[in-house]
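Trainee: Please find the sequence and the predicted model below.
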Amino acid sequence: MEYTTDFDQKKFLTLIDNDLELFRSLVGVFAEDYPVVLANLRQAISDKDGAAVEKSGHRIKGNVRNFYSDKLAAQALQIEEAGRESNFSELMTKVDSLEVGLKDLERDLQLCLQHLQTEAT
């Protein structure tokens, strides 16, 4: 199965020992969490709150690393570092790009889960 993101299905399934219930749960948590973190991130940028930007970038980085998405983790790291340095230049553009990637990752995870569930039946 091909994905639009660099989600590594093989590594992820090995990590969770092919547990589809755990997969479903992790996808649910991710899908609920990242929009809230993105909203907090945008507010932190508006407030010029570098520490909050750094924290939100770090949280997203950790979330996408769970799914072995190195490209999204690198994008989140750039945002985390910009927050640490209080560098707000073009940060909203980076967040917008990250949001597209996060939505793509969520879609890829849902597709993978559906495919695996179909195979299991």
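Mentor: Alright, I've got the coordinates. Numbers count the residues shown, from 1 in each chain.
Trainee: which regions of this protein lie under the pLDDT threshold?
Mentor: Within the chain, the segments meeting pLDDT under 70 span 1.
Trainee: quick one, longest helix in it?
Mentor: helix 91-120 (DSSP state H).
Trainee: What residues of it count as buried?
Mentor: 91, 94-95, 98-99, 101-102, 104-106, 108-109, 112-113, 116 (16 or more other Cβ atoms under 10 Å). C-beta coordinates here come from the backbone N, C-alpha and C atoms, glycine included.
Trainee: before we move on, what about stretch 38-48?
Mentor: Going by neighbour count (16+ other Cβ under 10 Å), the buried part of stretch 38-48 is 38, 40, 41, 42, 44, 45.
Trainee: if I read this right, the fifth one contacts residue 80, doesn't it?
Mentor: Think residue 44. No: in terms of Cβ atoms under 8 Å, residue 44 does not count as a neighbour of residue 80; the distance is 11.5 Å.
Trainee: where along this protein do the strands fall?
Mentor: Counting by DSSP state E, the chain has no strands at all.
Trainee: how near is residue 52 to residue 6?
Mentor: Per Cβ to Cβ, to the nearest Å, residue 52 is found 27 Å from residue 6.
Trainee: Once you drop chain neighbours, what's closest to the most centrally placed residue in the chain?
Mentor: Centroid-nearest residue in the chain, with Cα atoms, centre = their mean: residue 64, separated by 3.8 Å. Nearest residue to residue 64 in three dimensions, chain neighbours excluded: residue 72, at 4.1 Å (Cβ to Cβ, 6 or more residues apart in numbering).
Trainee: residues in contact with the one you found?
Mentor: 5, 6, 60, 64, 98, 101, 102, 105 (Cβ atoms under 8 Å, 6 or more residues apart in numbering).
Trainee: Would you tell me which one of the buried residues of stretch 38-48 comes nearest to residue 121?
Mentor: Nearest to residue 121 among the buried residues of stretch 38-48, counting by Cβ to Cβ, is residue 38 at 34.5 Å.
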